[in-house]
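> fold the stuff below for me.
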Amino acid sequence: MNDLYSTGMDTPTGRLTVLADSSGVVHAAGFTTDADGLLALVHPRLRGSLRARTDLGPVTSAVRSYLDGELTAIDAVPVTQYTGGEFMAHAWHTLRQVKPGEPITYTEFAGLAGRPRAVRAAAMACARNAAALFVPCHRVLRTDGGLGGFRWGLPVKTWLLDHERSRDAL
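Just a heads-up that it's a prediction; the model follows:
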């Protein structure tokens, strides 16, 4: 197991903590100050010792650019999560293709992931996503247009969607 490095960045909606390895691959990210709690979301096979850093180089730069309005800056940041299954890996890859400012429903997400009848599995992929922001599960809404859930709270999800919608309209 390799070391994982954590850093926190202030955002308009609270602290974003990111865990990445020495190669700049994100293993987890969330709107929390609790790096140890975030580490618990990383599968044991991908966990390592946790060390704090003030900056994660390109990862930190991508987040800052995203917050400044360059919404696709986070797209190039590599992410790894233990999937436990082929569908979950594909679903997370599919989520990374959802464009900022263009949220989709859980039903649409299931269809894009190639399993249109697997709406619950699509929702589970969002629920198990440990790399919030980089794997943008916040861009998935209920079929009625409601927010649904979000591990980091609905005010954070609302802010992210509004941020992306306002920047997309520019």
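> which parts of the protein belong to which domain?
4-76, 86-168 (automatic domain parsing).
> let me have the ones you listed in a markdown table, extended by mean neighbour count.
C-beta: built from backbone N, CA, C; applies to glycine. Shown next, in a markdown table, are the domains of the chain (neighbours: other C-beta atoms under 10 Å):
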| stretch | mean neighbour count |
| --- | --- |
| domain 4-76 | 17 |
| domain 86-168 | 18 |
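> would you turn these into JSON lines with mean pLDDT?
Below are those laid out as JSON lines (pLDDT from 0 to 100):
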{"stretch": "domain 4-76", "mean pLDDT": "94"}
{"stretch": "domain 86-168", "mean pLDDT": "93"}
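> contacting residues around residue 98?
104, 109, 112, 136, 139-140 (C-beta atoms under 8 Å, 6 or more residues apart in numbering).
> residues touching the nearest residue to residue 119 once chain neighbours are set aside, list them.
Closest residue in space to residue 119, ignoring its immediate chain neighbours: residue 110 at 4.7 Å, by C-beta to C-beta, 6 or more residues apart in numbering. Counting by C-beta under 8 Å, 6+ apart, residue 110 makes contact with 116-119, 121-122.
> gap between residue 108 and residue 72?
20 Å (C-beta to C-beta, to the nearest Å).
> now for the helix or strand encompassing residue 51, which elements pack on it?
In this assignment (DSSP states H and E), residue 51 forms part of strand 50-52. Packed against strand 50-52 by the contact rule (3 or more C-beta pairs under 8 Å, 6 or more residues apart in numbering; DSSP states H and E) you find strand 4-11, helix 35-39.
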